[in-house]
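**Student:** structure of the sequence below:
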Amino acid sequence: MKTSYELAMERLKKKDEESGIAATPITDAQKAQIAEIRNFYEAKLAEAQVMHHSKLKTVFEPGERETLEQAYRRERERLSDERDRKIEKVRRA
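**Tutor:** Coordinates of the predicted model:
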């Protein structure tokens, strides 16, 4: 007996096949590239976090702290988006 999850996945797979979307498995080389990309961006995010915390230790004014927080959030979002784009590019290759 199949679970509802398995049935839903089968329906989605069938729907994709009817739409012409083909799922191709990821090769070992692609997995290695994706892992390398994730490791690189994990390090970049950690570096940004360390830099952000060190800057926060020197700033005591609430307005400046908020500005630093916003800049840090933008940087994290930029790095995450860049990482996701590169991973998607590897998957499509």
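**Student:** pLDDT below threshold where in the protein?
**Tutor:** For the chain, no stretch has pLDDT under 70.
**Student:** how far away is the residue nearest to the spatial centre of the chain from Glu75?
**Tutor:** Nearest to the mean C-alpha position of the chain, by C-alpha atoms, centre = their mean, lies Asp84 at 4.5 Å. Distance of Asp84 to Glu75, computed by C-beta to C-beta, to the nearest Å: 15 Å. To be clear about C-beta, it is placed using only N, CA and C from the backbone, and glycine gets the same treatment.
**Student:** name the element the residue nearest to the centre of the chain belongs to?
**Tutor:** According to DSSP states H and E, Asp84 maps onto helix 62-92.
**Student:** would you mark the buried spots in that helix?
**Tutor:** By 16 or more other C-beta atoms under 10 Å, the buried positions in helix 62-92 come out as 68, 72, 75, 79, 83, 86-87, 90.
**Student:** stretch 50-64 now?
**Tutor:** His52.
**Student:** CA atoms only: put it into PDB for me.
**Tutor:** The C-alpha coordinates for stretch 50-64 follow below in PDB (Å, rounded to 0.1, in the frame of the first residue of the first chain):
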ATOM      1  CA  VAL A  50      32.000  37.300  11.600                       C
ATOM      2  CA  MET A  51      32.600  40.700  10.000                       C
ATOM      3  CA  HIS A  52      29.100  41.800  10.900                       C
ATOM      4  CA  HIS A  53      29.400  40.900  14.500                       C
ATOM      5  CA  SER A  54      32.800  42.600  14.800                       C
ATOM      6  CA  LYS A  55      31.300  45.800  13.400                       C
ATOM      7  CA  LEU A  56      28.400  45.600  15.700                       C
ATOM      8  CA  LYS A  57      30.700  45.500  18.700                       C
ATOM      9  CA  THR A  58      32.000  48.900  17.900                       C
ATOM     10  CA  VAL A  59      28.700  50.600  17.100                       C
ATOM     11  CA  PHE A  60      26.300  51.600  19.900                       C
ATOM     12  CA  GLU A  61      23.900  54.000  18.200                       C
ATOM     13  CA  PRO A  62      20.600  52.300  17.300                       C
ATOM     14  CA  GLY A  63      20.400  54.000  13.900                       C
ATOM     15  CA  GLU A  64      23.800  52.900  12.800                       C
END
